[in-house]
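J.: using only what follows, build the 3D model:
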Amino acid sequence: MKKAKKNNIGLLSRRVLYVVIALSAIVFGAFFVVPRGGASEMMLTGVLIVFLMMVLVGAMAVAAWSVVARLRKRNRQTSEVATIPAGRISLGVVVAVGLIMAAGYLLSPGGSIVVNGGEYDNRLWIKTAGMFIIAAGSLMSVAVMFIVANYLVNRRK
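T.: Numbering: from 1, shown residues only. All right, here's what the predicted structure looks like:
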């Protein structure tokens with residue numbers, strides 16, 4: 001019975017993928033086929049942006065549904081794998097990354113910047129870009145520290 005259900009889910013996900021690919025091909029194809037309104041103005045820019053927003057919202061909805069479904073189905077007992085508390089480690093990693101992202105957003109500068117000769121002053125996106133830069137740097141630094149610590153511990157043995 002589980003095999004049939006798994007095949008149905010696989011078939012559904014494959015069909016959804018085909019629909020998204022077909023719609024993407026149509027929208028992007030129309031974007032390049034429809035003539036321009038001016039020297040640098042495409043006629044279907046609004047359609048492209050709305051399509052991408054719909055895909056983004058759909059992906060976020062499916063991700064949220066997946067998380068909720070997984071949390072409902074998970075085993076409520078200890079989530080240990082070979083005596084390692086995998087559940088607590090996973091929760092700790094999620095919380096730590098969330099805190100690093102929040103701190104990165106709060107610490108990133110929000111002033112205007114010059115891009116290709118034009119001033120860009122959208123505070124939200126400047127701070128968001130800064131957040132990702134700070135978070136990436138922090139997480140890479142933590143990874144390097146763990147690699148060095150692991151090397152030092154294993155070298156002594």
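
J.: tell me where the longest helix sits in the protein.
T.: Looking across the chain with DSSP state H, the single longest helix is helix 123-156.

J.: if we go by neighbour counts, what in that one is buried?
T.: For helix 123-156, a neighbour-count test (16 or more other Cβ atoms under 10 Å) marks 126-128, 130-131, 134-135, 138 as buried. Glycine gets a C-beta too; all of them are placed from N, C-alpha and C.

J.: next secondary structure after the helix or strand that contains Ala30?
T.: Using DSSP states H and E, the element containing Ala30 is helix 2-33. The helix or strand immediately downstream of helix 2-33 is helix 45-73, counting by DSSP H and E.

J.: buried sites along that following helix?
T.: Neighbour count says helix 45-73 has Phe51 buried, by 16+ other Cβ under 10 Å.

J.: quick check: mean pLDDT of that helix?
T.: For helix 45-73, the per-residue pLDDT values average out at 84.

J.: now swap in stretch 23-34 and tell me
T.: Per-residue pLDDT values across stretch 23-34 average out to 81.

J.: same check on stretch 114-133?
T.: On average, stretch 114-133 scores 87.

J.: contacts for it?
T.: Contact with stretch 114-133 is made by 101, 104-105, 107-113, as judged by Cβ atoms under 8 Å, 6 or more residues apart in numbering.
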